[in-house]
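Participant: would you be able to build a 3D model of this:
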Amino acid sequence: MKENIRISVIVPVYNLQDDLERCVVSILAQTYSDLEIILIDDGSTDRSRDVIQKLADMDGRIVPVYKENGGVTSARLAGLRKATGEYIGFVDGDDEIEPDMYEFLLKNALDYNADISHCGYQMVFDDGRVNYFYNTGQVVLQDRNTGLKDLLEGVFVEPGLWNKLFHRKLLDKLLNSDVMDLSIKINEDLLMNFYLFSDASKSIYEDKCKYHYLVRGGSATRRNLSSNKIFDPVKVKKIIMQKAEGDILTVAQKAYIGTCISIYNSLVLNGLRNYKAEAKKIQEELLAHRALGRSVGKKQRILIWMILHLSFGYEKIYRLYEKYLLNNRYE
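Facilitator: Sure thing, here's the model as predicted:
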């Protein structure tokens with residue numbers, strides 16, 4: 001494979017003074033060398049800016065960008081405006097990538113003439129555990145509809161941006177629009193992916209776990225439930241549902257209902273008495289969209305009924321289920 005195709009790797013940075021250098025070193029170590037690494041400091045209040053400058057002085061492929069705090073989507077878009085590569089990748093500043101990840105993704109993009117090339121990932125915990133998602137070696141060629149369906153169903157396609165390589169034309173179209181809501185802090189990856197997969201005529205997925213998602217400080221999903229963590233996922237799924245068409249609409253509706261149930265379950269596990277107003281709003285979402293209940297399976301219809309009509313009993317039952325039966329690979 002000729003190394004005359006530049007890849008721009010965009011890394012948003014916010015208060016990552018202790019993790020950023022390790023992340024960037026893993027990018028610099030790539031077997032594919034025609035890289036441009038754009039580090040966007042999003043108004044950090046720690047020493048991240050000093051670390052970025054140190055790294056930029058170390059390797060000319062690193063482009064530092066400094067901006068006021070605006071959130072991760074704002075940072076990514078700022079990095080994209082600086083990018084010169086034909087292909088664009090994203091890495092979170094506290095994660096790592098395997099040495100051949102971009103060579104692997106670019107080869108698949110070129111071999112299959114695909115607008116998006118993506119792979120599996122591994123979740124690495126502080127205690128040494130590693131959960132693979134999913135490392136089967138499976139190769140899946142996706143047209144537009146299949147790619148969107150797989151993305152929204154979330155069975156094997158990760159909603160994050162970081163294990164994917166995008167052709168520049170997809171990002172240019174996104175950059176020249178105002179569809180990204182900068183106030184969304186959670187599931188913003190999924191929303192951006194929805195727009196990108198919507199414009200991709202072909203995607204290629206090979207399930208080898210080249211990206212290392214590092215989990216620090218305990219549970220990945222159940223801590224400090226903020227308003228964004230509760231309502232952003234519902235908001236994102238609602239936006240997608242409103243924009244989806246044809247066969248994808250049914251998939252988007254199911255994803256929306258599933259997210260409402262999942263968020264309610266998170267409130268249960270963190271104590272409904274502490275989140276009465278938030279729980280009521282999720283109930284109102286389910287009630288307002290009760291007609292969509294026909295698009296989901298029998299199990300989810302039962303859960304919706306229990307959430308709406310038997311919330312106290314549901315709380316007790318779900319807590320028992322979570323304690324004894326639920327195998328959560330994200331924790």
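Participant: which parts of the chain are strands?
Facilitator: Secondary structure of the chain (DSSP state E): strands at 7-13, 35-42, 62-67, 87-90, 96-97, 116-125, 130-133, 139-143, 164-167, 202-215.
Participant: neighbouring strands - and their directions - for the fourth one?
Facilitator: The reference is to strand 87-90. strand 7-13 (parallel), strand 164-167 (antiparallel) (DSSP bridges).
Participant: ok, now the shortest one?
Facilitator: Partner strands for strand 96-97, per DSSP bridges, with pairing direction: strand 202-215 (antiparallel).
Participant: next, the angle from the partner strand to strand 139-143.
Facilitator: 120 degrees (axes from the mean of the first three to the mean of the last three C-alpha atoms, to 10 degrees).
Participant: picking that back up, quick one, which of the strands paired with strand 87-90 is nearest to Y32?
Facilitator: With C-beta to C-beta, the closest approach to Y32 among the strands paired with strand 87-90 belongs to strand 7-13: 6.8 Å. Every residue, glycine included, has its C-beta placed from N, CA and C.
Participant: how big is the angle separating the closest one from strand 35-42?
Facilitator: Going by the same axes, to 10 degrees, strand 7-13 makes 20 degrees with strand 35-42.
Participant: mean confidence for stretch 195-203?
Facilitator: Mean per-residue pLDDT for stretch 195-203: 98.
Participant: report the backbone C-alpha coordinates of it in CSV.
Facilitator: Output in CSV follows, covering the C-alpha atoms of stretch 195-203 (Å, rounded to 0.1, in the frame of the first residue of the first chain):
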residue,chain,number,x,y,z
TYR,A,195,-25.0,11.7,9.7
LEU,A,196,-21.8,10.2,8.4
PHE,A,197,-23.2,6.8,7.7
SER,A,198,-26.2,8.4,6.1
ASP,A,199,-23.9,9.9,3.4
ALA,A,200,-21.7,6.8,3.0
SER,A,201,-22.5,4.7,0.0
LYS,A,202,-20.3,1.8,1.3
SER,A,203,-18.7,0.9,4.6
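Participant: now it: buried residues?
Facilitator: 195-200, 202-203 (16 or more other C-beta atoms under 10 Å).
Participant: with stretch 142-157 instead?
Facilitator: Buried residues in stretch 142-157 (16+ other C-beta under 10 Å): 142, 144, 146-152, 157.
Participant: quick one: least confident helix or strand in the protein?
Facilitator: Every helix and strand of the chain was ranked by mean pLDDT, DSSP states H and E. The lowest is helix 311-324, at a mean of 87.
Participant: how far does that one sit from its chain's centre?
Facilitator: 28 Å (C-alpha atoms, centre = their mean, to the nearest Å).
Participant: same question for stretch 255-268.
Facilitator: On C-alpha atoms, centre = their mean, the centre of stretch 255-268 falls 17 Å from that of its chain.
Participant: quick one: buried residues of that stretch?
Facilitator: 255-261, 263-268.
Participant: residues in contact with that stretch?
Facilitator: 152-154, 221-222, 225, 229-231, 233-234, 237-238, 240-241, 275, 278-279, 282-283, 285-286, 289, 292-293, 295-296, 300, 303-304, 307, 314-315, 318-319, 322 (C-beta atoms under 8 Å, 6 or more residues apart in numbering).
Participant: can I get the buried part of those as one PyMOL selection?
Facilitator: The following PyMOL line selects those of the contacts of stretch 255-268 that are buried, judged by 16+ other C-beta under 10 Å:
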select buried, resi 152+225+229+230+231+233+234+237+238+240+241+275+278+279+282+283+285+286+289+292+293+295+296+300+303+304+307+314+315+318
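Participant: mind checking which of the contacts of stretch 255-268 land in helices?
Facilitator: Taking DSSP state H as the definition of helices, these contribute 152-153, 229-231, 233-234, 237-238, 240-241, 278-279, 282-283, 285-286, 300, 303-304, 307, 314-315, 318-319, 322.
Participant: mind listing what L310 touches?
Facilitator: Applying C-beta under 8 Å, 6+ apart to L310 gives no contacts.
Participant: now do the contacts for the closest residue to E68 other than its chain neighbours.
Facilitator: Once flanking residues are discounted, E68 sits nearest to G43: 5.0 Å by C-beta to C-beta, 6 or more residues apart in numbering. Contacts for G43 (C-beta under 8 Å, 6+ apart) come out as 14, 67-70.
Participant: noted, bye for now.
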